[in-house]
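In: just need the structure, nothing else, for what follows:
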Amino acid sequence: MISTIEVKKVIEKGRIIEYYPEDRRGESCLILGKGEENRSIHVVCAPKEDFLAIITAYLPDDEMWKNNFSERQLK
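Out: Residues are numbered from 1 along each chain as shown. Below you'll find the predicted structure:
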């Protein structure tokens, strides 16, 4: 479970690791940050005119990510 507080912390203090200008949901990005107990969390969000849409938040899988969850593993 990822708390609202953790999501806010990731957005405020994390860093953008992927940018999706042509996403079907509209411009969005993937942010990597730290949550409780220093665990890595990914948050995908999209800026809208009046708000920031949170699309998803998840704990990245180390089999899919490298470099401390900041780069996708190539298959």
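In: hang on, E6 in a helix?
Out: Yes - checked against DSSP: H, G, I helix; E, B strand; the rest coil, E6 lies within a helix.
In: please shift the residue numbers so they start at 11 in all later answers.
Out: Got it, the first residue is 11 from now on, which makes the last one we talked about E16.
In: the nearest residue to it once chain neighbours are set aside: neighbouring residues, count only.
Out: Spatial nearest neighbour of E16, chain neighbours left out: G45 (3.7 Å); criterion: C-beta to C-beta, 6 or more residues apart in numbering. Heads up, the C-betas are built off the backbone N, CA and C, glycines and all. Applying other C-beta atoms under 10 Å, we find 19 residues neighbouring G45.
In: which pLDDT does the model give G45?
Out: Predicted confidence (pLDDT) for G45: 96.
In: let me see the contact set for it.
Out: Counting by C-beta atoms under 8 Å, 6 or more residues apart in numbering, G45 touches I12, S13, E16, K19, V20, I51.
In: now, those residues that are in strands?
Out: I51 (DSSP state E).
In: export the contacts of G45 as TSV, with columns for pLDDT, distance to I41 and neighbour count.
Out: Below are these laid out as TSV (pLDDT from 0 to 100; distance: C-beta to C-beta, whole Å; neighbours: other C-beta atoms under 10 Å):
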residue	pLDDT	distance to I41	neighbour count
I12	97	13	17
S13	97	16	12
E16	98	12	18
K19	98	10	17
V20	98	6	23
I51	98	9	22
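In: the strands in the protein, which residues?
Out: So, for the chain - with DSSP E - the strands run 25-30, 38-44, 50-57, 62-68, 75-76, 81-82.
In: L69 versus the residue nearest to E16, what's the distance?
Out: Counting by C-beta to C-beta, to the nearest Å, the gap from G45 to L69 is 8 Å.
In: got any ranges where this structure has weak pLDDT?
Out: 85 (pLDDT under 70).
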